[in-house]
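Q: sharing a sequence plus its predicted fold:
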Amino acid sequence: MAAIKLSIALARSLSPLLVATSLLATPGPAQREGVGSAASTEGYLLNVGQWPGSVVALGRQGDMRAWVEATGATIALSGRTPEGEPTVDWVRITLEGCEASNQFEPRDALPGEHHFFLGSNPRRWRTGVRAYKTLHAQEVIPGVDITWLTRDGRLAFDFVVKDAPNVAPLRLRIDGAEVLKTAPDGALAIGTRLGQLRLSPLVSWWEASDGRRQPAECRYRILDAGRVVIEFPKDSLARRLVIDPALEWSSYLGGAAAGEAIERVAFGPDGTLFVTGESGSFDYPVTPGAWDTSHAGGTLGADIVLTKFSNGALVFSTFIGGGQNEFVYGLDINAAGEVFLGGWTSSSDYPTTPGAFSTRWNFSEGFVTKLSASGSALAYSTFVGGNSNDSIGALKHLADGTVILSGTTLSHDFPVSPDAFDTVGGSGPFADAFVARLSADGSRLLRSTFLGGSLSEGAGSLDVTSGGAVVVLVGSSSADFVPTHVLGSGPKIVRLNPDFTSVDYIAQIPNPGIAGALDAQERFIVIGTTSSETLSTSAGVVQPSFGGTTDGFIQRLAADGSAIDWATYLGGEDKDSPLALHVSPSGVLTVAGYTASDAFPITAGAFQTTRAGSSDLFASRLHPEASSLWYSTYLGGSGAETGDGSLVLGLAVGPEGEAAVVSETKSLDFPTTSDGFQTRFAGLVDGTVSVLSMLPTGVEKLGSSTPGCAGPLPIGVTAMPALGASDFALTCAQAAPFASGWLLLGVSALDLPLSVHGVSVWIDPSRRLVALPLQADAAGAAQYPLRLPQAPFLVGTTVFAQFLWRDACAAGGLAASQALAITFQP
Amino acid sequence: MWIGTGETLAKSVSFILVVSTRIVTLVAMAWAPAAAHAQVIPDPMFHGQWAGPYELAVDLYNGTSYSTSEIAHAALLPPWIVAGTPPSSSSLTRVLLSCAHGTCPGDPQVYGRSYVWSAHRPSLVAQINVPAEYPQDASQDHFCGGHTFLEDGRFLFSNGTDREATCLPPFDFVGHAGAWVLDTLSQTPTWIKAYGLTAPLARWYPTLTLLNDGRVMNHGHSSLPITVPSHAQRRDLLTWDAAGSPPAVWSPTALNDNLASQPTPCAPVAEPLNLFDYPRLHLSRSGELVWTQAVTGGGAPFLPIRTQFMDVRVPDCPPSGLRWRPGGAGSLPEYLHLNGSSVHYITWDKNPAPLGTFKEVIYVIGGADIPVEGNAEDCETALVSDKVEKLVLQSTDAAATATWQPAPALEHARVNHNAVILLDGRMIVIGGVSCDGTGFVPELQPEIYTPPELHDGPPVEGVWNDKPPQSVIRAYHAVAILLPDGRVISLGGRNLGSPLDPDGVSDHSLEIYSPSHVFKPGAPTIDPTLLIDPATGAYPYFEDATPLAASMTFEVTLAPERTVDRVALIRNGSATHAFNPDQRYVELRIIADVPAILPNTRRITVQTPQDGYWAPPGYYLLTVVDNQDVPATAEWIRLEDL
């Protein structure tokens, strides 16, 4: 596809200015200790009718109460008079020009519910009231958002001035103050009868191009006895260079009592995030009403934990486990949001349900547990195994509710179908792999087969074709587990027919494999780790040569198992180990793992371009043919992430192409976002949950997708939009196969979308707009290269792009991606 | 035959002269008291017990006269298993003894020989068959070579002294280029010639190191053929080893291909670094080879240089050469520990759950500030140390992050001792001598230390505890290794010198020390039924396999009220010159510990090591230690790099 010539204009400067302050009540000289202290806050308890209608929420900080209202807040200070009598004083802070109709959006629900049984009339009772970490309101005055939050244990509020040049200084009206003055440190001191209420010195900054903050000079200026103005500069020195952070959301996850290992992650059908792993901490955060809110312990103290987030807020969180030890290796979510877990337990009292396939425990068992969408009940839970050790290595639910399982068994009486492909288990101490299909209600194994020979086999990753064939990665040491295609001496990829009575192929691939997945053409892609510098790679792949020490290795098996289509290294000079893989319907590869290399392949404009600790996580996105690296970043703090014999890492890709990576960390400074569920290291080893946009510096998502037949349409880029870049392209996927459509390019975005044939268009058609016709490929994907001119004056200029596709499933016959704001980088 | 009481030669030790049929040896009789008649018999449940000495018939008779040999190498062989017969650890315990000391042509000498010693017949040895193609011709014996076990359990023995050259001017030891493999897995082990180094790379006092993927790296003191200046002259050059003695690498493929391929000599590097003789090299779990100084080095000018690290996580020699780089976070060990010993631990702490934490330390024990070998005159200026130091290694980039820390000092300063890891994880130091400024002073009392890393929680340093003395003085060249049943054999080496023979004489006896745990009731027992037979299968590394496939499951019977505290792999040792390059303690992460059917029986599942850097491929002793610190007799298992 030929590159196009862009006709662009300068976008207006949109650098947001963030102004932050915190509330601190300082007790007066007559106050007793503890009054008005800066004790940790409990978030903002939403008003659902238990208080007067003007109140949005109540924030509490020690003895101080902040009644948040649409136009400001009333701060109530408790204390005692000089005579020692209890008393309350108040200060009301109002943002002038603010409308009382402002709507606040609560974010990040905190665990627990509050109940208000007011009076004897149950109609006035309010139960199940939630507290939230933050309250956010947009455009409280034109161009200004406000966020109430907690910072360092104190109630605080931030202003976001989105268009500073056109926004007047913010004026605060202070009622109830005995005196106003600015402190030498820049704070605003509000004198009251009960001491001093301080608004901390303003901290403000411009967003810089690489996500760093550029400090801005802001200050309080007292106008009169009841009014204060916040003055800020009208523009930053640099024009707007960016954007949404590449790290969309990131959080620690763990308790203080022991360690956590977050093993797997999956997106729910509504974009919610499910994570699971193991925790030894009795104080791991769980939610009231969840299936199991107490840690069952065990000799190693590990229970499974399952936690669901929505927009960064905790939805539910539960333990699952018995008195011994559990490990979870399989996680899947169905369309109803129900959760399937598979793994291994040594707990004889691991919870099973009546009528389940097996409730008989033999030493250590595989298990499959299905939880309700609310996380409060078990739909079913069953052991899967025989008279010895068994483990579930992976699982995947099918549309009919059945679940395909793969795993490893030392049980020679593991139940297999009489007509299965392999009815003979391992002998003596040698394990066999197995593949089984569990009924929708968890009561029966519908089909089951061994896979193996006279020595040891074990099964890990599995995937299922559209026709129901199961492809599974089998580590194998048995020479008599004979491959149909000998391509090397590594693991064996087995493709079973849907009823497991025969194999389509058993391909022994050349190199180690730890995980794999199918693409839309039913080709199995395998990732692994190698220390060999002499592996055969393919021409044109992203890394044909060994980087050093150990490298990741990615290879794609042909759909019939007869050949390796391509193979590539992925690694730097030190130890690199990919541990998880996602293959999108259009074949785009996302790989995550850990690395100790300083020279791991990292792309320009990535979230983290240098290694921070002894080992960091990495997340990389590759072209479907592994011919180029579209995005690759480190992710880690100054300590170690995973490794140390544990290899804990999970990966999922969301509907808009974002990558969720979970792992474990010993870093005190693992990158978290300010809205993360847990922004501080809890101790020992914590789990981590991070969502990366997988977009480089200079690229920002706008709006939302109008879904088509295959759901939302992810839009992305192949490189940072640096001027002169020859490898920059726009990508879109999930369109209908061979669909025709348009790439819209414009110079201005809309705050609210236009609806065109049911499609939300986010690019302003009243400014310059180009619609470029194009056609999707057989996988419904498209890639549109843009040659970015080498013109320095364009640095900082923003253009906007959005894909529209004809799509039979969309209401108006059209589907659309999100839009991207693309700001040219030097 | 006892013939009389000798004079007390050192503090708290008295001696008796014992005369065997061929030699006269000083033998210690009492443990602590100076008066021999007031002998104290310590309770073996607390102090263990010695058995022996057993005289071994390793001197050779050529029809007219005996030729004295000196036992200098010992290695615990993996089990020889008869197909269809359950393995039995005790009956299959075999140890290779290699002892040779050639003289020059014309002497009544039969060249170096090696033997198999069996634990069930402690006083007997069987000479290893020498096939017709055995390279033990007039130019080589087994003296002062290097060795390690290969990934398939065979034993690689490389280099040593070139006897013929020794017999020619300048009459110094000269290194040999050859290499041999012992087929250990057959009922009758046999030597097979392997390709050694090319002649210019001939060396003696090498250290062989098995790497993660089965390759073997050879470092050592090169010794060019006789056309170049003498060995003694060359090794005085500080940069000589680096420039002239690059490491050589054997690939397992080559060794399996009828040993037909030569090892790859890596390109030399330019750093002015001398690894000296028998460098103490340990492969860290981070993939770096760690040099903690050398065992010895003749008269070389030893300097307190920083600990060196070589990244060996490359499949072959990199184009730029394998390079040593200083590490240890800038810290130096306080002592040189020449002719000292070292041991290597990777331990697991259950905390924090669920996965726990691994630690890695190398203990360097005793030694002197200058080499103290078999010459009494070495003692005139040497300062023999009782100091113990440990190098704490991190899981990645050990070079940058490793730190030296002091550990509790020995009760007895010593050199040429052997440090052996016991089945319960403690370490024992056996034998050696100290110096009094004029000559050797024997150190007969072994000492045992419990590394704090063995137990969960913050480290609590203990002390070294004296144990009953052994009977025979074991100085330079003496060796000691662990047996699967927990006992330790101590044998060979040079006996204490006398005014007539100040350098001592070769000893041919073997003693067996049974640690205290052997006598404690209620030792756990491992039922190996569920373990993979090492002769027919192996465990993959955790990184290579699905979780269950990368685990070992077995049942263990415990005494009532006891629980399993730890599970560990200890690699079978091969010792020489106070250093055992194979010995390694790797604790395993317990992932299931559940009741089995029989009373007091638990089914234990442990995770295999992450990769071959944590535990190089090959045979290991698997042991379980209960919460009373009593270990089970070990079972053999094998790790494999898939």
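A: All right, it came through fine.
Q: go ahead and confirm B:A353 touches A:G259.
A: Yes - with contact defined as Cβ atoms under 8 Å, B:A353 counts as touching A:G259 (5.8 Å). Backbone N, C-alpha and C define where each C-beta goes, glycine included.
Q: please name the nearest non-neighbouring residue to the residue of the stretch 401-550 of chain B found nearest chain A.
A: Going by Cβ to the nearest Cβ, chain A is nearest to B:A549 of the stretch 401-550 of chain B, at 2.9 Å. Nearest residue to B:A549 in three dimensions, chain neighbours excluded: A:G458, at 2.9 Å (Cβ to Cβ, 6 or more residues apart in numbering or on different chains).
Q: next SSE after whichever helix or strand A:F553 is part of?
A: According to DSSP states H and E, A:F553 maps onto strand A:551-557. Proceeding N to C from strand A:551-557, the next assigned helix or strand is strand A:564-570, under DSSP H and E.
Q: quick one: list the elements packing against that following strand.
A: If you count contacts as 3 or more Cβ pairs under 8 Å, 6 or more residues apart in numbering or on different chains; DSSP states H and E, strand A:564-570 packs onto strand A:551-557.
Q: pairing partners for the strand it packs on, with directions?
A: Here strand A:551-557 is paired, per DSSP bridges, with strand A:524-530 (antiparallel), strand A:564-570 (antiparallel).
Q: in JSON lines, list the ones you listed along with distance to B:V624 and mean pLDDT.
A: Below are these laid out as JSON lines (distance: least, Cβ to Cβ, whole Å; pLDDT from 0 to 100):
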{"stretch": "strand A:524-530", "distance to B:V624": "30", "mean pLDDT": "95"}
{"stretch": "strand A:564-570", "distance to B:V624": "40", "mean pLDDT": "96"}
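Q: most tightly surrounded among the ones you listed?
A: strand A:524-530 (a mean of 26; mean count of other Cβ atoms under 10 Å in any protein chain shown).
Q: so who does the closest residue to chain A within chain B touch?
A: At 2.4 Å from chain A, B:A353 is the closest residue in chain B, using Cβ to the nearest Cβ. If a contact means Cβ atoms under 8 Å, 6 or more residues apart in numbering or on different chains, then B:A353 has A:A258, A:G259, A:S279, A:G280, A:S281, A:L300, A:G301, A:A302 as its contacts.
Q: mutual contacts of B:A353 and A:G259, please.
A: Common neighbours of B:A353 and A:G259 (Cβ under 8 Å, 6+ apart) are A:S279, A:G280, A:S281.
Q: A:F793 in helix, strand or coil?
A: helix (DSSP: H, G, I helix; E, B strand; the rest coil).
Q: check what pLDDT the closest residue to B:G52 other than its chain neighbours gets.
A: Of all residues not flanking B:G52 in the chain, B:E511 sits nearest, at 3.9 Å (Cβ to Cβ, 6+ apart). pLDDT recorded at B:E511 is 96.
Q: in what helix or strand does B:E511 lie?
A: Applying DSSP H and E, one finds B:E511 within strand B:509-514.
Q: name the helices or strands packed onto that strand?
A: strand B:49-55, strand B:488-491.
Q: on that earlier part again, can you list the shared contacts of B:A353 and A:G259 in JSON lines and add neighbour count and distance to A:G812?
A: Converted to JSON lines, those look like this (neighbours: other Cβ atoms under 10 Å in any protein chain shown; distance: Cβ to Cβ, whole Å):
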{"residue": "A:S279", "neighbour count": "33", "distance to A:G812": "47"}
{"residue": "A:G280", "neighbour count": "29", "distance to A:G812": "53"}
{"residue": "A:S281", "neighbour count": "28", "distance to A:G812": "50"}
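Q: for whichever residue of chain A sits closest to chain B, which non-adjacent residue is closest in space?
A: Of all residues in chain A, A:G280 sits closest to chain B, at 2.4 Å by Cβ to the nearest Cβ. Sequence neighbours aside, B:A353 is the residue nearest to A:G280 in space, at 2.4 Å (criterion: Cβ to Cβ, 6+ apart).
Q: separation between that neighbour and A:H295?
A: According to Cβ to Cβ, to the nearest Å, B:A353 stands 10 Å off from A:H295.
Q: shared neighbours, those two?
A: With Cβ under 8 Å, 6+ apart, B:A353 and A:H295 have common neighbours A:S279, A:G280, A:S281, A:G301.
Q: columns secondary structure, distance to A:R437 and pLDDT on top of the residues you listed, output as CSV?
A: Formatted as CSV, the shared contacts of B:A353 and A:H295 follow (DSSP: H, G, I helix; E, B strand; the rest coil; distance: Cβ to Cβ, whole Å; pLDDT from 0 to 100):
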residue, secondary structure, distance to A:R437, pLDDT
A:S279, strand, 30, 93
A:G280, coil, 33, 89
A:S281, coil, 35, 88
A:G301, coil, 34, 70
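Q: right, I'll leave it there.
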